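Peer 1: my questions are about this predicted structure, shown below with the sequence.
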Amino acid sequence: MSIFLQALVNGILIGGFYSLMGMGQNVIFGVMKIINFCHGEMLMVGMYLTFVFSQLGIDPYAALPLVALCTFGIGALVQHVLITPSLGTHSFTNLLFLTVGLGLLYQNVALVIFSSLNRTIVTPYSGITIHLGPVSILLPKLVSLCALIVITVGLFVFLKHSTMGKMIRAVSQNSVGAEVVGIPVKKIYIFTYGLGCALAGIAGDLLTLFYVINPTVGGQFSFKALIVVVVGGFGSIQGACIAGICLGLMETMSSLIIGPTYRDLTVFVAFIIILVVRQIILLRRR
């Protein structure tokens with residue numbers, strides 16, 4: 001029973017990261033209707049920024065606002081300089097190759113600067129374990145889980161009640177109508193893409209205390225975020241949150257029952273089954 005509870009807690013934790021990545025991806029898609037294929041690489045950028053700040057003596061949790069600000073700035077700059085002009089072409093292919101190319105650019109810049117060596121961050125509290133009944137969890141994981149919950153709730157409140165959040169929702173529903181009533185759509189695009197990148201950067205910061213840092217680490221999270229977006233529904237923040245948790249639980253439970261070797265295989269098979277079933281349901285409704 002204790003092993004099951006331990007796997008459950010670990011699944012919720014990793015699912016929280018998938019949810020945060022999926023929500024960042026869905027914020028971008030909901031407004032601009034593009035899939036950001038370099039989203040995982042922005043997580044990698046956040047991890048390396050955290051590593052750099054740690055070398056300067058700044059604790060990873062204290063560096064969280066700095067990492068969020070830096071990744072927001074990178075995302076806003078990329079949106080303004082590269083993605084906004086491409087949106088004018090109304091070509092999905094152009095945007096696809098642009099975001100894929102950006103991901104390769106981020107990877108190779110990290111490779112040149114930091115090499116291919118795995119990096120880790122060790123703090124005085126890295127090895128502290130908290131015992132919650134039959135479940136044992138590392139303190140950094142527990143803090144990261146609490147931070148993920150706070151950030152998720154904060155994102156929901158921001159999009160629901162703030163003026164900027166209402167403008168984002170208005171643009172996602174009808175960009176032409178939003179522009180007619182005076183909402184600066186291009187500025188909303190820049191802010192939204194920066195917000196999505198900041199969420200990925202935050203996830204990267206929180207991962208660094210129990211995950212290795214290397215230039216290719218973002219690839220697996222990018223693909224998992226795409227699964228979360230597809231399963232949870234394109235543009236649905238709530239769907240991405242639920243789908244991320246379910247994906248994390250599926251991974252840990254399949255590792256426990258079948259074995260860690262088949263963890264990703266189980267996820268991919270379940271993903272294919274969901275797509276097939278969804279397509280059958282849509283065809284029957286038509």
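Peer 2: On my side now, so go ahead.

Peer 1: quick one: the strands in the stretch 1-150 of the chain?
Peer 2: All strands of the stretch 1-150 of the chain, identified by DSSP state E, counting those that start in this stretch, fall at 129-132, 135-138.

Peer 1: and for the last one, what are the contacting residues?
Peer 2: This points to strand 135-138. Here strand 135-138 makes contact (CB atoms under 8 Å, 6 or more residues apart in numbering) with 2, 5, 6, 9, 13, 126, 127, 128, 129, 130, 210. For glycine as for every other residue, the C-beta is placed from the backbone atoms N, C-alpha and C.

Peer 1: over to stretch 249-259?
Peer 2: Here stretch 249-259 makes contact (CB under 8 Å, 6+ apart) with 3-4, 7-8, 10-12, 14-15, 262-264, 266-267, 270.

Peer 1: the same query, at a cut-off of 10 Å, please.
Peer 2: 3-4, 6-15, 18, 224, 260-267, 269-271 (CB atoms under 10 Å, 6 or more residues apart in numbering).

Peer 1: show me the contacts for residue 130.
Peer 2: So residue 130 contacts 136, 137, 138, 139, 141, 142, 143 (CB under 10 Å, 6+ apart).

Peer 1: quick one, which of those residues are buried?
Peer 2: Neighbour-count burial (16 or more other CB atoms under 10 Å) applied to those gives 137, 138, 141, 142, 143.

Peer 1: now for these: which two are most distant?
Peer 2: The distance between the two most remote of the buried ones among the contacts of residue 130 (CB to CB) is 10.0 Å, for 137 and 143.

Peer 1: which stretches in the chain count as helices?
Peer 2: 2-32, 39-55, 64-78, 84-87, 92-114, 139-161, 163-173, 175-180, 185-207, 218-232, 237-257, 263-285 (DSSP state H).
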